[in-house]
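1. Structure for the following, please:
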Amino acid sequence: MNSFDLPDSLVERLDSALAHASSLHSSHHSASLHRSTYRHTYLLADGSSVTLWELVHNHGRDGSSHHELYAEEAGARLAASRLAAEHDPSGPFEPAGSAPDWGLETPDLADLAGFTDLADLELLRLFPAAGTTLPPLPREYPQGDSADHARRVLRRAENADRPGPEVAARLRGAFAHDIRQVFGRQCSVAGRRAGFTLYEHGFLLLDGDELSLWEVEHTATADGRHMCEVYESEHTARAAMRLRARVR
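-> Numbering: from 1, shown residues only. The predicted model follows:
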């Protein structure tokens, strides 16, 4: 369903595949959604290997199986979280800055001295104590092929006011990037359910600057199909979501 997400160079490399191995990576089944993620690894003629991540799900009007392919595990995880947000609006996909009330006692901020792993701080963010403000986590940019990732994000944008050639030119100098989901929710648009998800694609550029693209994925379209819009700022992206949610 998303062949445009795969870099052309990767598809060309697969022409020399000699052997492959496939395995089930994860699976989720509920009354309304069945989804599974598979890992496909290919041995190429030059001795290197390539891995593709396949997301199989039944999300769609006809309930049949749909297949999506990603070059990175993070892309498959984000797609799976989008499906979860659309099928479970009561889940933990809330606007950035809000936190669910789990009814659990958590450590005071002073207790953070005993936590040295970023994973520990992330865990505390899930269970924040009342009145506690946690220090921001440093942003990491672990992924490669960032210029190509930026090109693919801009290519799938369908909104007329998407970032222009100047932004695209700057992103050709991206050498690392990070993807975060910052919002996800379902609401009623024109009498039917529509899902909204907001992603931040943060890029580290060769000159040391950081630049973000804000991607809105939603189904608030006339035929209920999935649509992608990309904006230069979070404010503009959120305004676009509010406008889409009000359209009748």
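2. going forward, measure contacts and count neighbours with C-alpha atoms only.
-> Noted.
3. What is the neighbour count of the closest residue in space to residue 172 that isn't next to it in sequence?
-> What sits nearest to residue 172 in space, not counting adjacent residues and going by CA to CA, 6 or more residues apart in numbering, is residue 147, at 5.0 Å. Residue 147 has 21 neighbours, counted by other CA atoms under 10 Å.
4. surely residue 147 meets residue 169?
-> No: taking CA atoms under 8 Å as the definition, residue 147 is not a contact partner of residue 169, at 9.7 Å.
5. for the chain, what helix or strand is lowest in average pLDDT?
-> Of all helical and strand segments in the chain, the minimum by mean pLDDT, DSSP states H and E falls on helix 118-126, at a mean of 45.
6. Quickly note the distance from residue 239 to residue 216.
-> Note on residue 239: its distance to residue 216, by CA to CA, to the nearest Å, is 11 Å.
7. the more surrounded of the two?
-> The neighbour count for residue 239 versus residue 216, taken as other CA under 10 Å, is higher for residue 216 (23 against 11).
8. residues contacting the more buried one?
-> 196, 197, 198, 199, 228, 229, 230, 237, 241 (CA atoms under 8 Å, 6 or more residues apart in numbering).
9. Could you single out the nearest of those residues to residue 50?
-> Distances from residue 50 to the contacts of residue 216, taken as CA to CA, are shortest for residue 199 (26.0 Å).
10. Report how many residues lie close to that closest one.
-> 22.
11. Please apply the same query to residue 145.
-> The burial count assigned to residue 145 is 12, neighbours taken as other CA under 10 Å.
12. now residue 24
-> Neighbourhood size, residue 24 [other CA under 10 Å]: 11.
13. surely it meets residue 41?
-> No: using CA under 8 Å as the test, residue 24 is too far from residue 41 to be in contact (11.8 Å).
14. Which SSE is immediately downstream of the lengthiest strand in the chain?
-> Determined from DSSP state E, the single longest strand within the chain is strand 174-189. Beyond strand 174-189 on the C-terminal side, the first helix or strand identified by DSSP states H and E is strand 192-205.
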